[in-house]
Structures are given as structure tokens and as C-alpha cells.
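S.K.: sequence and predicted structure below; questions after.
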Amino acid sequence: MSSIRHFPFERVREHLLFQSLEDAEWQALTTALLPSRFQPGHVIFQEGDPSSDLYVLLSGVVELRRQYVRHPGDYLLATLHAGRVFGELSLLTGRRRSFTAVSLMEVQTLRLSTEGLILLPLEVQVKLYRAWSGIISERLYWIDSMFTDLLEQRGVENVASAMALLHQRYPS
């Protein structure tokens, strides 16, 4: 029997997204965080769904999956454990979900909706947006490093054709 790791609510504040909040700002945010529970195999959200929520994973395991047009099938992007945040980019951009999130076991989350975010005091919103900017910057750095590695391994021509296909799928 596998043990379920639980991320105590008190530790949620330690997440990079929430670290800069003062006590009163944290209290304002906690009123907007809604508890959610999902049973094993539940689709939390589907790729292509309209987006409006960010999730803080308190316990359980969630898989992030994606469908690809050229290579049919369901591909695993990441396996998330307690303490992780997911769904934040769609909340920020308002774009449809770019992946599917599925609970692998019973999952407990805290959910922040777009409506909840908008109702937060402006100073809390600004701090959250700054934290998101830092997180996104780190992800871009990581993707840039992966892209550089891919160029070195596969050659410029193969990567250029893959990038052309990506541009067709995701025009600017």
C-alpha cells in the first residue's frame, strides 16, 4: 500500500507563488482558496477546456497529459505530488487548457478561480503576478536550455522543421 504524502495547509504559504505575501495579504488569499477533492481517475480538467482555476495540490498525485496531432495518443507531461501548483498559466492568460489533469489517487487541492483572484486586494494581485512572472521566467530558461540541447543532439535542420510545425499549430 502506497503512502499518500500530505502537504499541510500551513506550508502552502511557503510556495514561491505565495512567499511575498504579508500576513494580512495571506489571510485575504485564504478566503479565496476553495477546497476541492477528487477521486482516483477523475479528470480535473481536460485539454481544450476553458480555464478559470489554479490548483494547489495538498495531497495525492496528479498526472498532466497531452494529446499530439502528429503522434496520436495520450502523452505524459508530468507527475505532480503534494506541494505543487498547476493550472496557473491558463488562469493568467485566459487561454484554453493546454493539457489534461487526472488524479491518480484521492486528491485534495485548494483552488483559486479567476473570480477569486479578481476579488483579492490589488496589492495581493500585484504580488501574485510578480511571483508568476518569476516562475514563468524560470520555465522559459529551462525550455531554452532544453531547446539548445535538442539542437546539439538532432541538428538544426530537424529542429527547424519541428519549429515550423509548432508555429503552424500555435501562430503568434
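M.R.: Arrived safely, thanks for sending.
S.K.: count of residues packed around Ile136?
M.R.: 13 (other Cβ atoms under 10 Å). For every residue, glycine as well, the C-beta is placed using N, CA and C.
S.K.: ah, wrong one, I meant Ser145
M.R.: Ser145: 10 surrounding residues under other Cβ under 10 Å.
S.K.: that one: what secondary structure?
M.R.: Under the three-state scheme (DSSP: H, G, I helix; E, B strand; the rest coil), Ser145 adopts helix.
S.K.: so what's it up against?
M.R.: Applying Cβ atoms under 8 Å, 6 or more residues apart in numbering to Ser145 gives no contacts.
S.K.: confidence score at Leu58?
M.R.: Leu58 is assigned 90 on the pLDDT scale.
S.K.: relative to Gln39, how far out is it?
M.R.: From Leu58 across to Gln39, the span is 15 Å (Cβ to Cβ, to the nearest Å).
S.K.: who's in contact with Leu34?
M.R.: 110-113, 116.
S.K.: make it 7 Å
M.R.: Neighbour list for Leu34: 110-111 [criterion: Cβ atoms under 7 Å, 6 or more residues apart in numbering].
S.K.: likewise for the one 10 residues further on?
M.R.: By Cβ under 7 Å, 6+ apart, the residues touching Ile44 are 38, 55, 62, 101-103.
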